[in-house]
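# Provided below are the primary sequence and the corresponding predicted coordinates.
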Amino acid sequence: MKRIAALAVLILGSAAIIPPAGAAPATIDLGRASLESVNYPGRYIRHQDWLGRIDPVTSSSTNQTKQDATFTVVPGLASTSCYSFQAVNGRFLRHRDYRVRLETNDGSATFRADATFCAETGSVSGSVTFASYNFPDRRLRHRDNELWIDPVQDSDLYRADSSFRVRSPWVPKTTANPVLPGLFADPHIVHLDGRYYLYPTTDGYASWSGTQYTAWSSADLETWTFHGTILDHGPDVSWADNSAWAPAVAAKNGRYYLYFSGGAASGNTAKQLGVAVADSPTGPFRDALGRPLVAAGTYSGQAIDPMVFTDDDGRSYLYWGQGALRVVPLNDDMTSFDPAQVRNITPSGYNEGAFVIERDGTYYLMWSENDTRSEDYRVAYATGSSPLGPWTKRGVILSKNLDLGIKGTGHHSVVRAPGTDTWYIAYHRFAVPAGNGTNREVAIDRLRFNADGTIAVVVPTP
Ligand code: FUB
């Protein structure tokens, strides 16, 4: 909406501003890329001394130069229908005083808007131009080899200076992780209708204040397709304004249920749990109740981090909570339960992020310990004989690996490859290399079982 409004101002509000001829919304692939100037072939967008430029890059350039000219294209920090560009060192291209520079995401609304650019068709076939998200009458443009956002001009020179070709990255991604481009956390992985789906928290917001949930899908757990925003607290949920955290999706009777948490509307920041429903795993989801499923203050602990486990007999159980873990059987409608059946099953060391699986008749309850801002955030588990327990704590299965720069490994989920005994764990960690507790990335690694049914310690991979 904001973008449409901004374009209306651009079109109606000023006769002097003329978008480049033929400019129309364009899409580019997410993931690593380098951006080559249209009118200076061989020159690529890069950063040097934290400032944006276009400079020559060739196969014999230094590794540093190649690295400086390589970005990960991620969903826009301010709008997932636009883009942001994250350098290999974890910082983002943003404009400040109209000069384009490289800075660390501080999570503020200003930073996210300054670091978001909306793609439109460029001056020549196959090229794109990038309008500033918050100054839509300005485009990313090189001038004397420096990168600025400059007001649109109706000239061939401007059109060429502001057009780029998306090229293969000078420094390709060599690691499997992170699996999603950009800042995401609390991944809920699930296999539905023949595909894997990931539903994460959108990260990179100060105080985790994001409002949007996105969906991603994959056939092989390696290549992920972005399905855009599936629920936005702003327009879609009347009782929550902020803190769109840690979604979980469950399927039943041909419908898909998204469990989520959010800060109550009207300035009250206490968290509550909700449930939304859709006819497809990629939404759009709509708030099923028009009110919380678990209202703030009903139980001790924060009403966040929902998870639904469905047993072989078709019965589904809702788990949730930070500080205290609760479970209750869900009714068949998946949107209600009997409050009298709510149990407190908080294990020792529990903080948040519960997840339950069953294997060979044993139930595994897993959770995150410590604070997500701590590098010691980690995953522990217990085993039990039913979805309700009783539970026996077994120990920690996933924690930091400082040799690899991996910190804050937690809020995970687990999926089994259909028809096999091969299991995967999706989790978040501080984004490598520049992350922290609000700038996190999503990784997937193997989860293995020992012969005695205990879970082997997970080896986090770069
Ligand atoms: O992402 C926001 C919150 O941080 C989640 O709800 C917690 O589990 C922690 O990961």
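Okay, I see it. Bear in mind the structure is a predicted one, so any value in this text is a computation, not a measurement.

# is it true that residue 444 lies in a strand?
Yes - using DSSP: H, G, I helix; E, B strand; the rest coil, the assignment for residue 444 is a strand.

# so who does it touch?
By Cβ atoms under 8 Å, 6 or more residues apart in numbering, the contact list for residue 444 reads 176-177, 179, 189, 221, 424-427. All C-beta atoms are positioned from the backbone trio N, CA, C, and that covers glycine.

# Specify which member of these is nearest to residue 351.
Residue 351 lies nearest to residue 427 out of the contacts of residue 444, by Cβ to Cβ, at 14.2 Å.

# ok, for the closest one, nearest residue in space, not its chain neighbours?
Nearest residue to residue 427, sequence neighbours excluded (Cβ to Cβ, 6 or more residues apart in numbering): residue 412, at 3.7 Å.

# For burial, what's the neighbour tally of the one you found?
Residue 412: 28 surrounding residues under other Cβ atoms under 10 Å.

# Now do the SS call for it.
Recorded secondary structure, residue 412: strand (three-state DSSP).

# Contact partners for it?
Contact analysis of residue 412 by Cβ under 8 Å, 6+ apart lists 187, 353, 355, 366, 368, 379, 398, 425-428.

# give me the subset of those touching the ligand.
residue 353 (Cβ under 6 Å from any ligand atom).

# before we move on, the earlier item: of all the contacts of residue 444, which two lie farthest apart?
Pairwise distances across the contacts of residue 444 peak at 14.6 Å for 176 and 189 (criterion: Cβ to Cβ).

# Between those two, which is the more surrounded one?
Remark: of residue 176 and residue 189, residue 189 carries more neighbours, 25 against 13, as counted by other Cβ under 10 Å.

# need the contact list for that one.
Counting by Cβ under 8 Å, 6+ apart, residue 189 touches 196-198, 413-415, 424, 426, 444.

# Now do residue 13, the pLDDT please.
Per-residue pLDDT puts residue 13 at 34.

# on that earlier part again, adding secondary structure, write the contacts of residue 412 out as TSV.
Output for the contacts of residue 412, formatted as TSV (three-state DSSP):
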residue	secondary structure
187	strand
353	strand
355	strand
366	strand
368	strand
379	strand
398	strand
425	strand
426	strand
427	strand
428	strand
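
# give me the residue from the stretch 1-150 of the chain nearest the ligand.
When scored by Cβ to the nearest ligand atom, the stretch 1-150 of the chain has residue 107 as its residue closest to the ligand, at 12.2 Å.

# so that residue sits right up against residue 440, yeah?
No - counting by Cβ atoms under 8 Å, residue 107 stays clear of residue 440, with 11.6 Å between them.

# More neighbours: the two, which one.
The neighbour count for residue 107 versus residue 440, taken as other Cβ under 10 Å, is higher for residue 440 (32 against 20).

# from the contacts of residue 189, which is closest to the ligand?
For those, the minimum distance to the ligand (Cβ to the nearest ligand atom) is 11.3 Å, reached by residue 413.

# Would you check how far apart the residue of the stretch 1-150 of the chain closest to the ligand and residue 404 are?
Residue 107 sits 25 Å away from residue 404, taking Cβ to Cβ, to the nearest Å as the criterion.

# how about the contacts of residue 189 in JSON lines, adding pLDDT?
Listed next are the contacts of residue 189 as JSON lines, based on pLDDT from 0 to 100:
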{"residue": "196", "pLDDT": "98"}
{"residue": "197", "pLDDT": "98"}
{"residue": "198", "pLDDT": "98"}
{"residue": "413", "pLDDT": "99"}
{"residue": "414", "pLDDT": "98"}
{"residue": "415", "pLDDT": "98"}
{"residue": "424", "pLDDT": "98"}
{"residue": "426", "pLDDT": "98"}
{"residue": "444", "pLDDT": "98"}
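
# ok, and the closest non-adjacent residue to residue 232?
Using Cβ to Cβ, 6+ apart and skipping residues adjacent in sequence, the residue nearest residue 232 is residue 212, 4.8 Å away.

# Tell me the pLDDT of the one you found.
pLDDT at residue 212 comes out at 95.

# For it, give its distance to residue 414.
Residue 212 is 25 Å from residue 414, where distance means Cβ to Cβ.

# give me every residue that touches the residue nearest the centre of the chain.
In the chain, the C-alpha closest to the average C-alpha coordinate belongs to residue 184, at a distance of 2.8 Å (Cα atoms, centre = their mean). Taking Cβ under 8 Å, 6+ apart, we find residue 184 in contact with 200-203, 214, 428, 440-442.

# can you rerun that using 6 Å?
Shown in contact with residue 184 (Cβ atoms under 6 Å, 6 or more residues apart in numbering): 200, 203, 442.

# Could I get the contacting residues of the residue of the stretch 1-150 of the chain closest to the ligand?
Residues near residue 107 by Cβ under 6 Å, 6+ apart: 205-206, 438.

# Got a ChimeraX select line for the buried ones in these?
Those of these that count as buried under 16 or more other Cβ atoms under 10 Å are selected in ChimeraX with:
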select :205,438
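
# Looking at the contacts of residue 107, which are in helices?
Using DSSP state H to define helices, no part of the contacts of residue 107 is located there.

# would TSV of the contacts of residue 107 with pLDDT and distance to the ligand be doable?
Shown next, in TSV, are these (pLDDT from 0 to 100; distance: Cβ to the nearest ligand atom, whole Å):
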residue	pLDDT	distance to the ligand
205	92	9
206	90	12
438	96	8
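
# Break down the stretch 301-450 of the chain into its strands, ranges please.
If DSSP state E, counting those that start in this stretch is used as the criterion, the strands of the stretch 301-450 of the chain fall at 307-310, 316-320, 326-329, 343-344, 352-359, 362-369, 378-384, 391-398, 410-416, 423-430, 440-447.
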